[in-house]
Each structure stands twice: as C-alpha cells, then as structure tokens.
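Q: Sequence first, then the predicted structure:
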Amino acid sequence: MTNSITTTPSMITQLREQIEYPSAGVLSKVLLKDNACQYTLFCLAANTDISEHTSTRNATINVIAGRGLLTLSGENIILKPGVFVFMPANAPHALKAEENLTFLLTLSEKVAESN
C-alpha cells in the first residue's frame with residue numbers, strides 16, 4: 001500500500017494581524033485548507049456561547065488572545081493565551097468567551113487505528 005502526501009504551497013501570516021472581533025457572536029476565517037487539515041482563526045466577542053456539539057474530525061485549539069471556558073467531555077478547561085488543547089473526534093464540547101477570545105482551530109482527519 002502506498003501513501004501519497006499532498007503538498008500545499010507555503011503560507012505565512014501574522015495571526016495577530018488577522019484578528020477582527022465582531023460586535024457579537026463569532027467571526028471565523030479559514031486560513032488554509034487541504035485534503036488532511038483545515039486551519040481556521042476564530043474570533044469571538046465577549047460573552048459569546050457556542051453550545052455543545054461534536055466533530056467527526058480531530059481538532060486542536062491554540063489560544064492566541066483573550067479568555068474563555070471550554071467544556072470538553074464534561075471537563076472545564078480555562079482558555080487563555082498559550083493554552084493548547086487536543087480534542088479527539090466525536091468528543092462533546094462547548095465554549096464560552098468570557099472576554100474577546102481568539103484561537104486557531106485545526107481540524108484534521110481521524111486516522112484509522114491499525115492492529
């Protein structure tokens with residue numbers, strides 16, 4: 001079996017320059033997307049809630065600015081700059097931005113486990 005790797009042209013951006021907070025709710029910007037991953041910058045206005053949901057893909061959150069609370073599979077995680085969170089596919093999660101909050105969300109394909 002041969003695995004092929006798809007390459008994407010290089011991309012460079014200053015994430016802090018991409019931040020735009022909406023007056024209410026969520027503003028998301030897909031920065032890059034390929035066959036395996038999607039990189040999206042999320043900017044949430046203070047006091048924004050994202051109700052509990054799941055994703056069929058693995059995800060990571062890398063907090064850039066602000067403060068919030070992530071509830072992941074029943075565990076509360078404080079989101080503040082520098083926090084990195086891995087969320088496995090299908091894990092229930094919800095989020096509340098306590099102040100303006102920005103994070104980079106990376107969605108990746110769930111790799112089938114081999115025995």
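A: Arrived safely, thanks for sending.

Q: Where do the strands of this protein begin and end?
A: 26-33, 37-44, 49-53, 58-65, 68-72, 75-79, 84-87, 93-97, 101-108 (DSSP state E).

Q: Could you give the separation of the first one from the chain centroid?
A: It stands for strand 26-33. Using Cα atoms, centre = their mean, to the nearest Å, the distance from the centre of strand 26-33 to the centre of the chain it belongs to is 10 Å.

Q: What pairs with that strand, parallel or antiparallel?
A: Counting by DSSP bridges, the strands paired with strand 26-33 are strand 37-44 (antiparallel).

Q: Dump the strands of the chain to CSV, plus mean pLDDT.
A: Output for the strands of the chain, formatted as CSV (pLDDT from 0 to 100):
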stretch, mean pLDDT
strand 26-33, 94
strand 37-44, 96
strand 49-53, 96
strand 58-65, 97
strand 68-72, 98
strand 75-79, 98
strand 84-87, 97
strand 93-97, 97
strand 101-108, 97
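
Q: Dump those to a markdown table, plus mean neighbour count.
A: C-beta coordinates here come from the backbone N, C-alpha and C atoms, glycine included. What follows is those, written out as a markdown table (neighbours: other Cβ atoms under 10 Å):
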| stretch | mean neighbour count |
| --- | --- |
| strand 26-33 | 13 |
| strand 37-44 | 19 |
| strand 49-53 | 11 |
| strand 58-65 | 18 |
| strand 68-72 | 18 |
| strand 75-79 | 13 |
| strand 84-87 | 14 |
| strand 93-97 | 20 |
| strand 101-108 | 20 |
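
Q: Now render those as a markdown table, adding distance to residue 19.
A: Output for the strands of the chain, formatted as a markdown table (distance: least, Cβ to Cβ, whole Å):
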| stretch | distance to residue 19 |
| --- | --- |
| strand 26-33 | 9 |
| strand 37-44 | 6 |
| strand 49-53 | 18 |
| strand 58-65 | 7 |
| strand 68-72 | 14 |
| strand 75-79 | 15 |
| strand 84-87 | 18 |
| strand 93-97 | 13 |
| strand 101-108 | 5 |
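
Q: Which one of these lies nearest to residue 13?
A: strand 26-33 (6.4 Å; Cβ to Cβ).

Q: That'll do, ta.
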